[in-house]
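Visitor: The following comprises the amino acid sequence and a computationally predicted model.
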Amino acid sequence: MPESDQLNRAKVMLDRGKHLADAGQHTEAAAVFQELVHTFGTETEIKMRSVVADANLHLGAALGNLGRRQEEIACYDQLIREMESSPKAELQVWAVAARIYKAITLGMMGQVNAELAIYDEIIAEYSGTENLEILVQLAKALINKGWTLSEIGRDVDGIAVFDELLRRFGDFTEPRLRGFVVDSLVEKGLALGGGGKFRDAIACFQEVLLRLKNMDDLHSLRTMATAMSKIGLAYADMAMYTEALVGYDDLLRKFGGASDLKLRERLTQAMFGKADVLEKIGKAEEQLAVYGNLIEQFGRATEPELREAVGEALLEKALAYEDLKKYSEAGIAYDELLGRYGNATEPELLELVARAMLGKAHCAGETGQFIAAIEIYDHLLEQFGTNRELDKWTAEAILDRGYAKGEMGDFTGEIADCDTVIARFGDATDLSLQDSVAIAMFNKGWATGETGDVSGLAQLYEKAWRCFIGSNETVLLAHAAKAMVNHGVALAKAGRPLEAIALYDQCRQRMMANNAEGKLNSWVAWCMLEKGIAYSKIDAHSDELAAYDELLEQFGNSADLKIHASLANAIFYRGETLEQIGQFQSAMAAYEDVMRRFAGSEEPEVTQWVEFAAEAKARLAEKPADAG
C-alpha cells in the first residue's frame, strides 16, 4: 500500500476517534486511538508520526474521561519520552502538548502545585523559540497558568501571567495566538471584576470587543457576547445602572436572533442581568416583562441549558410577584413552572420544582390558607424528602410547615417539625442547613413559650447559643444572640419579668464578649430595648427610662439600619412612659425625636414608630402642660 494511502487511512481513523470522543463515546474512541497507534506506531515518516502522536494525545484524554487517570498520565509520559528529544520541531511540539495535557490532569487530581510547575518549565524552556507551533503551546501554558492561579484565589499572580501573555503575543496576527490574546483579556477581566476592580475589568472587555469588531466566526461571536454581558455586570456592580442596561440591551439587540446554543445562553444571562438591575432601581413591572420575554423566546427550547433558564425565569417572576405581595399572580407563575417541569428528572430542574412548591405553599400561607400550605409541604416532602441534593429545600419545607401549624395554634405540631429538622440536620456542615437548624431551635423555643411552658427554655436556648456563638458566619451568630434574647422575652411574657431582666444583663454581657467586629450590635440593642420593656411590666419607670437612655447613649448615633428599629421603639416607649408619669413636655420631645430622626426611613419596622409618634404627638397636644 502506498505511503500516502496509509497516511490517509490513519487520518480517517484519527477523525473517527475524535468524532466518537466529541459524542461522549469515550470507550469506543479509546479503542479507535489504540488501534491507530498499534497499526502505525512504528512508522518513521514525520507526518505519520504526527498523526500517531495526535492519537496518543487523544487516547490519554479518552482514558481520563473514563476515570482512568494513571493510564492517562502514562500515555502522556510515553509521548513525552518519544518526542521531546527529537531534532524536529514538528515532533517536539507533541511533547510540549502532552506536558500541558498532563499538567491539566494533575490539576484535576488536586495536584495544583505540580500542574503549575509544568507550566513554569515550559515557559522557561521555550521563551526564546520562534517555531509557531511551539509558540502556540507556550501561549496555552501561559493562559492555563493564569487561569489556574485565579482559580486558587491568587488573582494578582494570575493577572500578572495574563499580562505576560499579552506582552509576548499582543501584536501577533496568527489566528490561534490572536485567540489566546483575546482569551487572556477575557480571563484578566474576570479576575479584575472578581477583585472589585470593575473599571479595569470593563477596559479589558472593551478591548476584547475592539479586537473582535471585524470577526464573524462563531468563537469570536461567543467571546463578544461574553464580554458584552460582563460589561453590563461590571456596571451593575458599580451601581451604574443606566450604563448596565445599555450594555445588556446592546447584547440583546446584536444577538437576539442567534441560533447557536452558546449565544442563546448569553442572551438568557443578559436578560437575567437586566432584570436584576430593574429590580434594584424599583422598576418591577419592567423586570417582570423581561422574565416574560425570556419565557416567550425560549419556552419551546429543548436544550437542557435553555429549559433551566426558562424554569429560573418562571421562579424569579413568581418571587418578584411575591415581593409585590401579588400572591395570586405568583401562584400562577409557580403553577406554570410545575406544569412544565413537574415530571422532569434533571437535577437542576428538580431543584426549581422543589423551590416552586415551597413558593406556592408560602403564597398560600401569606393569604391565610394554612391547611393548603401544609398539604403542599407534605407533597414536597413526599416527592423530595429522600433526595440529599435537595436537603436545603427539604429542611426549609419542614420548618415552614411547622410555622404554618403554629399559625393555626398547633404548637405541638410545630415543635415536632422543629425537632425533625434538629435531629436530621443537626450535624450538617453546610451553612444553609446550619441556618435551618438554628431557626428550628429558635422556633421551637417560641412555640414552647406559646404553650406557657417555659421550664425547658433555658436549656434549649443555651444549646442554641453554644452551637452557634463560635461561628464566623454572621447569620449563625445572629441566631445565637436571638435565642438568648427570646428566652428573656418568653420569661417576661410568662409573668417573670425580674428573671427576664437578669437574663438580659447576662445576655448583653455575653454578646459583647463575642462582638469584637460589631456583628452582634443590632442584637445587643434589641436586648437593651427588651430590658426596658420588662421594667415597664413592673411599673419601674425610672429603671425603664434608664434602660432606654443607656441604649440611646451606646447606639444613638449608629448608621446601622438594623439598629434603627430598636432605637425608634425605645424613644417612642420612652415618650409613652414620660407621658404616663405626667412629664408631657419631655414626652412631646421624645415623640418629636422619633419623627425627626427617622422621617426619611424606608424601613417598615422603623416607619411604623414614626407614624405612632405622630399620632401620640397629636393626642398629647390636647393635654395640659406638665403637672409638676
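Guide: Cool, got the structure. Keep in mind that what you see is a predicted model, and the values were worked out from it rather than measured.
Visitor: Just the pLDDT for the residue nearest to residue 174 when sequence neighbours are not counted.
Guide: In space, not counting the residues next to it along the chain, residue 174 is nearest to residue 132; the distance is 6.6 Å by C-beta to C-beta, 6 or more residues apart in numbering. Every C-beta, even on glycine, is put in place using the N, C-alpha and C of the backbone. Residue 132 is assigned a predicted lDDT (pLDDT) of 93.
Visitor: Relative to residue 96, how far out is residue 132?
Guide: As for residue 132, its distance to residue 96 is 13 Å (criterion: C-beta to C-beta, to the nearest Å).
Visitor: between these two, which one's more packed in?
Guide: Here residue 132 and residue 96 are set side by side on neighbour count (other C-beta atoms under 10 Å), and the busier one is residue 96, at 25 against 13.
Visitor: Not counting sequence-adjacent ones, nearest residue to that one?
Guide: For residue 96, the spatially nearest residue (C-beta to C-beta, 6+ apart) is residue 137, at 4.2 Å.
Visitor: Which of the helices or strands spans residue 500?
Guide: Using DSSP states H and E, residue 500 sits in helix 497-513.
Visitor: Give me the helices and strands touching that helix, please.
Guide: For helix 497-513, the elements it packs on are helix 474-493, helix 521-536, judged by 3 or more C-beta pairs under 8 Å, 6 or more residues apart in numbering; DSSP states H and E.
Visitor: Just send those back as TSV, with mean pLDDT and distance to residue 555 too.
Guide: Written out in TSV, the entries for the helices and strands packed on helix 497-513 read as follows (pLDDT from 0 to 100; distance: least, C-beta to C-beta, whole Å):
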stretch	mean pLDDT	distance to residue 555
helix 474-493	74	15
helix 521-536	91	5
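Visitor: Of those, which stretch is the most buried?
Guide: Greatest average neighbour count among the helices and strands packed on helix 497-513 goes to helix 521-536 (a mean of 24), per mean count of other C-beta atoms under 10 Å.
Visitor: Following the chain past it, name the next helix or strand.
Guide: Past helix 521-536, heading to the C-terminal end, the next element that is a helix or strand (DSSP H and E) is helix 541-555.
Visitor: how big is the angle separating that next one from helix 521-536?
Guide: Going by axes from the mean of the first three to the mean of the last three C-alpha atoms, to 10 degrees, helix 541-555 is angled at 170 degrees with respect to helix 521-536.
Visitor: rewinding a little: buried residues of the helix holding residue 500, list them for me.
Guide: The neighbour-count check on helix 497-513 (16 or more other C-beta atoms under 10 Å) flags 497, 499, 500, 501, 503, 504, 507, 508, 510, 511 as buried.
Visitor: likewise stretch 38-58?
Guide: Buried residues in stretch 38-58, defined by neighbour count with 16+ other C-beta under 10 Å: 40, 43, 48-58.
Visitor: Next, the most centrally placed residue in the chain: phi, psi?
Guide: When C-alpha atoms, centre = their mean is applied to the chain, the residue found nearest the centroid is residue 432 (11.7 Å). Main-chain dihedrals, residue 432, degrees, to the nearest 10: phi -60, psi -40.
Visitor: mind listing the helices for the stretch 301-450 of the chain?
Guide: 304-323, 327-341, 347-366, 370-384, 391-407, 411-425, 431-450 (DSSP state H, counting those that start in this stretch).
Visitor: Tell me the helices and strands packed up against the last one.
Guide: Using 3+ C-beta pairs under 8 Å, 6+ apart as the contact criterion, the elements in contact with helix 431-450 are helix 391-407, helix 411-425, helix 457-468, helix 474-493.
Visitor: Now do it, average pLDDT.
Guide: Taken as a whole, helix 431-450 carries a mean pLDDT of 83.
Visitor: same question, the fourth one
Guide: Helix 370-384 comes out with an average pLDDT of 96.
Visitor: tilt between it and helix 347-366?
Guide: Using the same axes, to 10 degrees, the interaxial angle of helix 370-384 with respect to helix 347-366 works out to 160 degrees.
Visitor: go on, the last one?
Guide: Computed with the same axes, to 10 degrees, the direction of helix 431-450 lies at 20 degrees from that of helix 347-366.
Visitor: And the first one, by the same measure?
Guide: With the same axes, to 10 degrees as the basis, helix 304-323 and helix 347-366 are set at 10 degrees to each other.
Visitor: hmm, back to that, export the helices and strands packed on helix 431-450 as TSV, with columns for distance to residue 443.
Guide: As requested, those are exported to TSV (distance: least, C-beta to C-beta, whole Å):
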stretch	distance to residue 443
helix 391-407	6
helix 411-425	5
helix 457-468	11
helix 474-493	10
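Visitor: out of these, which comes closest to residue 524?
Guide: helix 474-493 (7.7 Å; C-beta to C-beta).
Visitor: what's the distance between that closest one and the middle of its chain?
Guide: The offset between the C-alpha centroid of helix 474-493 and the centroid of the whole chain comes to 27 Å, using C-alpha atoms, centre = their mean, to the nearest Å.
Visitor: what packs against it?
Guide: In this structure, helix 474-493 makes packing contacts with helix 431-450, helix 457-468, helix 497-513, helix 521-536, judged by 3+ C-beta pairs under 8 Å, 6+ apart.
Visitor: so how many other residues sit close to residue 599?
Guide: Residue neighbour count, defined by other C-beta under 10 Å, stands at 10 for residue 599.
Visitor: Oh, that last question was meant for residue 375, not what I typed.
Guide: For residue 375, the count of nearby residues is 14 (other C-beta under 10 Å).
Visitor: repeat for the one 5 residues further on
Guide: Neighbour count of residue 380, defined by other C-beta under 10 Å: 26.
Visitor: ok, now which ones touch it?
Guide: Neighbour list for residue 380: 354, 357, 358, 361, 393, 394, 397 [criterion: C-beta atoms under 8 Å, 6 or more residues apart in numbering].
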